[in-house]
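A.B. asks: could you work out the structure for the sequence below:
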Amino acid sequence: MATKRDIAQLAGVSPATVSNFFNGRGKMTTDTRQRIIDAANDLNFPLPSEKKAKNKTKITYLIVDDLLNPHYGNILRGMNSIATNYDMPVSMIELWPDADAFCSMLIANEIYAVFFATYSDLITGRHINFLRSNGIYVYFPQDNFTVEFDGLMKQTIKYLVDLGHTNIAYLSGFSIHDPNNTRYHSYLKALEANHLPTDRNLAIDGIYPYLSDAKSGYWATKTFLEKRQHFTAIIALNDLLAIGAMNALSESGLSIPQDVSVIGCDDIMLSEFTNPPLTTLRYSSRDIGVRAMYSIIQQDKYQISNPPVVLQTELIIRKSSGKAPENESI
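C.D. replies: Residues are numbered from 1 along each chain as shown. You can find the predicted model right below:
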């Protein structure tokens, strides 16, 4: 009787590739898959049961750091708008503090794919390899999507400079010392592009455990105000942080935008209804979800990777930003 090793030899691939094919794991081109199928048919070797595969529900988890953040809800909406057509349900869950236990739970529940829609240093390469070696597809936004953030941040800084701002703070949410904090580095590059000094004292560092919610933005801004650092504008990692910063500024007797301009990112629905309405950097969260789900379906059907997609961005100007104050006393 033929073996999988015989199939590998006839198909011209490694035994490990054949094993991945029969176990539904790993990535391979459609040509490789077809050669394995042809070899198995030539050797009368039974292929994986299509009926069994159809009966197994393929669940995808959207992994986030805050279930209450509307940004993630929009991603989930995008994923579900596609997933329902392919009988591949999606659920959104928060990442556990114990990453080892979290990954073990995913494997025990036979999850088909996970999409890490949040940055976290809890998940290491070891965890990713652990998940993938157990047949779970793992996706990160940076693997599948490129947000044109450098150009957008450069445009945003120029917009503020044209309004007379030269001391522009950045509310990081995450640690400014982390090399993966890409938006903070975009901010630094944008300062240089607009001929402003990269003053590290204007970086409002994240507070452990680095939650990017309104409460974190509030306390980080309150701490920053105590340093008496001179600034006339704040750009925040996301809208929730910006909303928290607006509350901290107002409590301190500062007016927005007369004393301080505030700009967020994500353009969540709430940003239109703050007082004043929040200027923000927009890109489509829902589009991230749609494209993520298509990528997962492609993996399921063809076992191939799609090239990264560039998501378009836009500066949405509302009333939380304006001219720098003439008497810069902050």
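A.B. asks: just give the number of residues close to the residue nearest to Pro197 when sequence neighbours are not counted.
C.D. replies: Nearest residue to Pro197 in three dimensions, chain neighbours excluded: Leu191, at 7.1 Å (C-beta to C-beta, 6 or more residues apart in numbering). The way it works is simple: take the backbone N, C-alpha and C, and place the C-beta from them, glycine included. By other C-beta atoms under 10 Å, the residues close to Leu191 number 21.
A.B. asks: and Arg33, by the same measure?
C.D. replies: 17.
A.B. asks: and if you look at Ala108?
C.D. replies: Neighbours of Ala108 (other C-beta under 10 Å): 9.
A.B. asks: what phi and what psi does the backbone show at it?
C.D. replies: phi -60, psi -30 (degrees, to the nearest 10).
A.B. asks: could you check how far Met28 is from Arg35?
C.D. replies: Remark: distance between Met28 and Arg35 (C-beta to C-beta, to the nearest Å) = 10 Å.
A.B. asks: helices along the stretch 1-150 of the chain, start to end?
C.D. replies: 4-11, 15-23, 30-42, 50-55, 70-83, 99-108, 125-133, 141-144, 149-162 (DSSP state H, counting those that start in this stretch).
A.B. asks: how many neighbours does the nearest residue to Leu62 once chain neighbours are set aside have?
C.D. replies: Excluding its sequence neighbours, the residue lying closest to Leu62 (C-beta to C-beta, 6+ apart) is Met92, at 4.4 Å. By other C-beta under 10 Å, 18 other residues sit near Met92.
A.B. asks: ok, now Asp205?
C.D. replies: Count around Asp205 with other C-beta under 10 Å applied: 20.
A.B. asks: state the distance from it to Thr3.
C.D. replies: Distance from Asp205 to Thr3, by C-beta to C-beta: 58 Å.
A.B. asks: Asp259 too?
C.D. replies: For Asp259, the distance to Thr3 - C-beta to C-beta - is 75 Å.
A.B. asks: cool, and Glu192?
C.D. replies: Glu192 is 61 Å from Thr3, by C-beta to C-beta.
A.B. asks: same question for Phe115.
C.D. replies: 36 Å.
A.B. asks: please apply the same query to Leu241.
C.D. replies: From Leu241 to Thr3 the distance is 57 Å (C-beta to C-beta).
A.B. asks: quick one, which of those two is more surrounded?
C.D. replies: The residue with more neighbours, out of Leu241 and Thr3, is Leu241; 31 against 12, by other C-beta under 10 Å.
A.B. asks: what's near enough to touch the closest residue to the more buried one other than its chain neighbours?
C.D. replies: Nearest residue to Leu241, sequence neighbours excluded (C-beta to C-beta, 6+ apart): Gly217, at 3.4 Å. With contact taken as C-beta atoms under 8 Å, 6 or more residues apart in numbering, Gly217 is in contact with Leu171, Gly173, Ala236, Leu240, Leu241, Ala242, Ile243, Gly244, Ala245, Ala248.
A.B. asks: apply 6 Å and report the result again.
C.D. replies: Leu241, Gly244, Ala245 (C-beta atoms under 6 Å, 6 or more residues apart in numbering).
A.B. asks: repeat that for Phe224.
C.D. replies: Counting by C-beta under 6 Å, 6+ apart, Phe224 has contacts Ile204.
A.B. asks: quick check: phi and psi on it?
C.D. replies: phi -60, psi -40.
A.B. asks: same question for Arg282.
C.D. replies: Dihedral angles (degrees, to the nearest 10) for Arg282: phi -100, psi 140.
A.B. asks: now it: how far from Leu254?
C.D. replies: From Arg282 to Leu254 the distance is 25 Å (C-beta to C-beta).
A.B. asks: with Ile235 instead?
C.D. replies: 16 Å.
A.B. asks: who has more neighbours out of these two?
C.D. replies: Between Ile235 and Leu254, Ile235 has the larger neighbour count (other C-beta under 10 Å), namely 30 against 16.
A.B. asks: give me the neighbour count for the nearest residue to the more buried one once chain neighbours are set aside.
C.D. replies: Once flanking residues are discounted, Ile235 sits nearest to Ile263: 4.8 Å by C-beta to C-beta, 6+ apart. Counted by other C-beta under 10 Å, the residues lying close to Ile263 total 29.
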